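**Student:** A predicted structure for the sequence below; I have some questions about it.
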Amino acid sequence: MSEPGSERDGGELYLDAASTEPVSRDVIDAMLPFMTDAYANPASVHRAGKTAAQALDAARRSFAANLGARPDDVIFTSGGTESDNLAVKGIALARMERMRRDGVVSDLLLDTSYAESVASGRRPRIVISAVEHPAVAESAAWLERFFGFDVVRVPVDDAARIDLDALKRAVDVAPERTALVSVMLANNEVGTIQPVEDVVRIAHAAGVPAHVDAVQAAGQVPIRMREWGVDALSVSGHKFGTPKGLGALLVRGSTPIEPLLSGGGQERGLRSGTQNVAGAVGLAIALDESIAFMREHAAELVASRDRLIQAVLDAVPQARLTGDPRNRLPGHASFIFPGVTGEALLVDLDARGIECSSGSACAVGRHEIPPTLLAMGLEPSIAKSALRLTFRRPLSDDDIDRTVSAIRRSCTALGLR
């Protein structure tokens, strides 16, 4: 399996970077000493423990600086899903408790009549976009199921851009009962980048904290958490070159949040458990590498993306680009091919040496219609023809020619004329 732009002998071409990325030799080399030699628990008071703690602190500082945050904002986690769960559930529950004490919402766990609480309009609320990742959307649904939250889903347009006017209306209906606004920075299925600064401004004007899921964006586009005013921000390491199972939630100290794990109180008491020093070092090194690469090659990456998009549209007249044509991730090209199914197209392309996907890779063992496309207004029969090509290295002309040729042949083989 080869990355775009690399020397290869005609083997598979990996165009599924939005699902996961390889780990560089430098990241492995940086992590290895903390698994073999400097392996002590960073909470231990002896010299080896202090060495581990110093490495953990250095990683935290580097990681925070690259995301426009402060070191004490960083809570190391096991990945994007845990970070999203901690942000959405943790902030919502903390805010709900304050609202309950202030008499703003009913205590739905103790209320003798849930129906009366619903009818009285005293339920806590959470506002998300209609295209959030399942880690956010399902966390919101969990809050609704177990704590009676009213989940408000803000619509998007046909390019998956959030409707800011609808967001403002959703927040302004009952700001005193709105626990959180959560919106992703970049969409994993169609690559659209959301106007998070406007989202934060709308939320804060109503006194509501804002969480940003930056899992797909970190390492690809500049992120300035503090400058944007974001209250909490989720990141997953394997999207920019760490081993799987590493991530972070960046959360301001002033943001109310309840931990989801009980234990020894590590990570500001928000994520108990012995800290993974090697993982933290890997996160810091990989993010630094990814950002440095993007600074040097972003324009080249965008240019190759745009050449690929145009070549696909020229080669297959029925194809349509999905997502924002301009304000999208630099290495993200997504399409629909009405008349074929995405699943059949993926299988055929895989046989031709092109490894890609149809959308999110986080639904285990299932091939589903990308929900973002449905939220964009596409019919299910059209949405199920989705194809996503993602890459972190600029595509060579040979990469583009090979990919487009394979797509054209696959579409023809599947009966698209």
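**Tutor:** Structure received.
**Student:** dump the residue contacts of the nearest residue to Ala319 once chain neighbours are set aside.
**Tutor:** Nearest-residue entry for Ala319: Phe335, 5.0 Å, with adjacent residues in sequence omitted and distances by Cβ to Cβ, 6 or more residues apart in numbering. All C-beta atoms are positioned from the backbone trio N, CA, C, and that covers glycine. By Cβ atoms under 8 Å, 6 or more residues apart in numbering, the contact set of Phe335 is Val312, Ala319, Arg320, Leu321, Thr322, Ala386, Leu387, Leu389.
**Student:** Let me see the contact set for the fifth one.
**Tutor:** The neighbourhood of Thr322, defined by Cβ under 8 Å, 6+ apart, consists of Ala160, Glu189, Val190, Ser334, Phe335, Ile336, Leu373, Met376, Ala386.
**Student:** Can you find which helix in the protein contains the most residues?
**Tutor:** When secondary structure is assigned using DSSP state H, the longest helix within the chain turns out to be helix 277-315.
**Student:** next one: stretch 305-325 to chain centre, how far?
**Tutor:** 24 Å (Cα atoms, centre = their mean, to the nearest Å).
**Student:** Now do the end-to-end distance for that stretch.
**Tutor:** Between the opening and closing residues of stretch 305-325 lies a distance of 11 Å (Cα to Cα, to the nearest Å).
**Student:** Give me the buried positions along that stretch.
**Tutor:** When neighbours are counted by 16 or more other Cβ atoms under 10 Å, the buried residues of stretch 305-325 are found to be 305, 307-309, 311-312, 316, 319-324.
**Student:** now, which of these sits nearest Met294?
**Tutor:** Arg305 (12.9 Å; Cβ to Cβ).
**Student:** I'd assumed Arg326 was in contact with the closest one.
**Tutor:** No: taking contacts as Cβ atoms under 8 Å, Arg305 lies outside contact range of Arg326: 11.1 Å.
**Student:** In the sheet, which residues pair with Ala333? Tell me.
**Tutor:** Under the criterion DSSP bridges, Ala333 forms beta bridges with Leu389.
**Student:** thinking again about what came up before, quick check: angle from the helix or strand where the residue nearest to Ala319 lies to helix 277-315?
**Tutor:** Per DSSP states H and E, Phe335 falls inside strand 332-336. Taking axes from the mean of the first three to the mean of the last three Cα atoms, to 10 degrees, strand 332-336 and helix 277-315 form an angle of 50 degrees between their directions.
**Student:** Buried residues in the helix or strand following strand 332-336, which are they?
**Tutor:** Past strand 332-336, heading to the C-terminal end, the next element that is a helix or strand (DSSP H and E) is helix 342-351. Under the neighbour-count criterion of 16+ other Cβ under 10 Å, helix 342-351 has Gly342, Leu345, Leu346, Asp348, Leu349 buried.
**Student:** what about dumping the CA coordinates of the strand holding Phe335 to PDB?
**Tutor:** Included here for strand 332-336 are C-alpha records, laid out as PDB according to Å, rounded to 0.1, in the frame of the first residue of the first chain:
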ATOM      1  CA  HIS A 332     -10.500  16.000   0.300                       C
ATOM      2  CA  ALA A 333     -12.500  15.200  -2.800                       C
ATOM      3  CA  SER A 334     -15.900  13.700  -2.500                       C
ATOM      4  CA  PHE A 335     -18.500  12.800  -5.200                       C
ATOM      5  CA  ILE A 336     -21.800  11.100  -6.000                       C
END
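**Student:** now that strand against helix 342-351, angle please.
**Tutor:** Angle, strand 332-336 to helix 342-351, by the same axes, to 10 degrees: 130 degrees.
**Student:** Can you get me a residue count around the closest residue to Ala18 other than its chain neighbours?
**Tutor:** In space, Ala18 comes closest to Thr390 once its chain neighbours are excluded; the distance is 3.8 Å by Cβ to Cβ, 6+ apart. Neighbour count of Thr390, defined by other Cβ atoms under 10 Å: 24.
**Student:** how close does Thr390 sit to Lys239?
**Tutor:** Distance of Thr390 to Lys239, given as Cβ to Cβ, to the nearest Å: 10 Å.
**Student:** what is in contact with the two at once?
**Tutor:** Shared contacts of Thr390 and Lys239, counting by Cβ under 8 Å, 6+ apart, come down to Ala18.
**Student:** helix/strand/coil for the residue nearest to the spatial centre of the chain?
**Tutor:** Centre of the chain computed as the mean C-alpha position; nearest residue by Cα atoms, centre = their mean is Val215, 2.7 Å away. The assignment at Val215 comes out as coil when based on DSSP: H, G, I helix; E, B strand; the rest coil.
**Student:** Check the gap between the residue nearest to Ala319 and Ala137 for me.
**Tutor:** Applying Cβ to Cβ to Phe335 and Ala137 gives a distance of 24 Å.
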